[in-house]
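J.: no sequence for this one, just the structure:
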């Protein structure tokens, strides 16, 4: 049997997509391998959110060329880079290029590539959700699973390439999502994460009279020990959603709520559809209704022509919200987006200095949250051996804090009690509490 090696870059949605591709490739006669040297086909699942992610993939294709010279090998690039960079990808050594809506065409594309033809399908779709595909789970085993509930995005934030690479929003049928979640629970999974470019827009395109709050509640009732979701847009975050999260103990009280900027003018230029006051009002309602809530966010520094005053509005918002985690980026123009056409008068040096200042403010609050956890005991889902110390296990609290601790590998996949002994900025050290 031929073997396929899948390498994934980018977000959790890309991980879920790789699991769909793995399933499709199995129907094409391939077995999944974790050893790239024994692969007959290598598929690189790509991200286009930032330029450095694209450059990494182009560099990776160069690395793989030597392997192509040693054996007959199909090299494919799939995902978000496919349509935007198709010609560059073929020049760099790809035999096959497939966009996020083209994965069911993989057997045909593989056959074309094997015959020496230029295999490409980058058509966007208004309907494809891969609803009938049973994903081949990759990674940690029956511990934590991703379930895509919708694809695409209708927001068209001016800096974002996603609507152009993944198409418009289309939701999976309510029962199809529940069936997939139920199958994971029956297989012994301890945690499910519901995925979408904007999960809380779920159901708007369906005729089922169901929204994301309804879906979240229905999955929680199935009895999965831990339920998460990402990513949510503040504009679509309803009070009904907040009430559901507060109601069910197995819905984790950790919410990723991208703000991007703390300045109204910049938010308007970004096309974010909410202002600073509305965002802070939403945070206030969440914290009032959801005890123990942890918040993370995305922030862009250096949007074209951002002034020092506008940047300081972001800093002050960070100090007010006191996030537990954050993904921060210096603005990266993406060709084809409205923001990429704006002439920018702010130097990269200025943006870099602002970025460092923002990180200091974020880390101050993250470190304070971690210090407050010392001496407390938390349930931790053990996901494996620590990546930083082979003599330790690691796992995550309900608040998504990474904890390292000594323990036997038989604990992997279980939820155990861990007392926090030491705090570090982005991780914690603990000890198992023997019950």
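T.: Okay, I see it. The structure displayed is predicted, hence computed values, not measured ones.
J.: mind listing the helices for the chain?
T.: Ranges of helices within the chain are 12-27, 51-70, 81-84, 86-91, 106-114, 162-166, 174-186, 212-221, 239-247, 264-270, 276-289, 308-321, 348-373, based on DSSP state H.
J.: out of those, deepest packed?
T.: helix 81-84 (a mean of 24; mean count of other Cβ atoms under 10 Å). (Glycine included, C-beta is placed from N, CA and C.)
J.: which other helices and strands contact that one?
T.: Packing partners of helix 81-84 (3 or more Cβ pairs under 8 Å, 6 or more residues apart in numbering; DSSP states H and E): helix 162-166.
J.: among the helices of the chain, which gets the worst mean confidence?
T.: Here the lowest mean pLDDT among the helices of the chain goes to helix 51-70, at a mean of 84.
J.: Who are the packing partners of that one?
T.: Packing contacts for helix 51-70, counted by 3+ Cβ pairs under 8 Å, 6+ apart, involve strand 41-46, strand 74-79, helix 86-91.
J.: Which one, of those, ends up nearest to residue 206?
T.: The closest of the helices and strands packed on helix 51-70 to residue 206 is strand 74-79. By Cβ to Cβ, the value is 25.3 Å.
J.: List the strands paired with the closest one, with their directions.
T.: In the sheet, strand 74-79 lines up against strand 41-46 (parallel), strand 96-98 (parallel) (DSSP bridges).
J.: Switch those over to TSV; also include mean pLDDT, distance to residue 226 and mean neighbour count.
T.: Below are those laid out as TSV (pLDDT from 0 to 100; distance: least, Cβ to Cβ, whole Å; neighbours: other Cβ atoms under 10 Å):
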stretch	mean pLDDT	distance to residue 226	mean neighbour count
strand 41-46	95	25	25
strand 96-98	95	33	27
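J.: how about these, which one is nearest residue 384?
T.: Relative to residue 384, the nearest member of the strands paired with strand 74-79 by Cβ to Cβ is strand 41-46, separated by 21.7 Å.
J.: Can you report how many residues lie near residue 259?
T.: Residue 259 has 24 neighbours, counted by other Cβ atoms under 10 Å.
J.: quick one: pLDDT of it?
T.: Looking at residue 259, the pLDDT reads 98.
J.: same question, residue 435
T.: Checking the pLDDT column for residue 435, the value is 59.
J.: please renumber so the chain begins at 44
T.: New numbering, starting at 44: the last item is residue 478.
J.: who are the neighbours in contact with residue 370?
T.: With contact set as Cβ atoms under 8 Å, 6 or more residues apart in numbering, residue 370 has these partners: 339-342.
J.: ok so, going back, with respect to residue 428, which of the helices of the chain lies nearest?
T.: helix 55-70 (19.6 Å).
J.: what does the closest one rub up against?
T.: 47, 49, 51, 75, 84, 86, 88-90, 121-123, 143, 146-147, 149-150, 153, 173, 176-182, 189-191, 236, 238-240, 273.
J.: Drop anything exposed from those.
T.: Buried members of the contacts of helix 55-70, counted by 16 or more other Cβ atoms under 10 Å: 47, 49, 51, 75, 84, 86, 88-90, 121-123, 143, 146-147, 149, 153, 173, 176, 178-181, 189-191, 236, 238-240, 273.
J.: Just the ones of the contacts of residue 370 in strands?
T.: Mapping those onto strands (DSSP state E) picks out 339-342.
J.: that older thread, the strands paired with strand 117-122: which one's closest to residue 438?
T.: That would be strand 84-89 among the strands paired with strand 117-122, by Cβ to Cβ, at 25.9 Å.
J.: could you check the angle helix 55-70 makes with that closest one?
T.: 160 degrees (axes from the mean of the first three to the mean of the last three Cα atoms, to 10 degrees).
J.: Just give me the neighbour total for residue 473.
T.: Residue 473, neighbours per other Cβ under 10 Å, totals 28.
J.: One more: the one 4 residues further on?
T.: Under the neighbour criterion other Cβ under 10 Å, residue 477 is assigned a count of 6.
J.: Starting from residue 54, give me the distance back to it.
T.: Between residue 477 and residue 54 the computed distance is 38 Å (Cβ to Cβ, to the nearest Å).
J.: ok, now residue 222?
T.: Using Cβ to Cβ, residue 222 is found at 24 Å from residue 54.
J.: filter the contacts of residue 370 to the buried ones?
T.: 339-340, 342.
J.: Just name the closest of those to residue 452, please.
T.: The closest of the buried ones among the contacts of residue 370 to residue 452 turns out to be residue 339 (Cβ to Cβ; 29.2 Å).
J.: Quick check: chain neighbours aside, which residue is closest to the closest one?
T.: Counting by Cβ to Cβ, 6 or more residues apart in numbering, residue 339 lies nearest to residue 368, which is 3.8 Å off, once chain neighbours are set aside.
J.: who are the neighbours in contact with the one you found?
T.: Contacts of residue 368 by Cβ under 8 Å, 6+ apart are 337, 339-340, 409, 443.
J.: got a pLDDT number for it?
T.: 95.
J.: again, but for the one 5 residues further on
T.: Here the pLDDT value assigned to residue 373 is 95.
J.: got a list of what it touches?
T.: Counting by Cβ under 8 Å, 6+ apart, residue 373 makes contact with 343-345, 391, 394-395, 398.
J.: Just send these back as a markdown table, with distance to residue 472 too.
T.: Output for those, formatted as a markdown table (distance: Cβ to Cβ, whole Å):
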| residue | distance to residue 472 |
| --- | --- |
| 343 | 33 |
| 344 | 31 |
| 345 | 35 |
| 391 | 37 |
| 394 | 35 |
| 395 | 32 |
| 398 | 29 |
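J.: Going by distance to residue 424, which of the residues you listed wins?
T.: Distances from residue 424 to the contacts of residue 373, taken as Cβ to Cβ, are shortest for residue 343 (31.0 Å).
J.: Please name the bridge partners of that closest one.
T.: Note on residue 343: beta-bridge partners residue 372, judged by DSSP bridges.
J.: And for it, the neighbour number?
T.: Residue 343: 24 surrounding residues under other Cβ under 10 Å.
J.: any idea how far it is from residue 238?
T.: According to Cβ to Cβ, residue 343 and residue 238 sit 22 Å apart.
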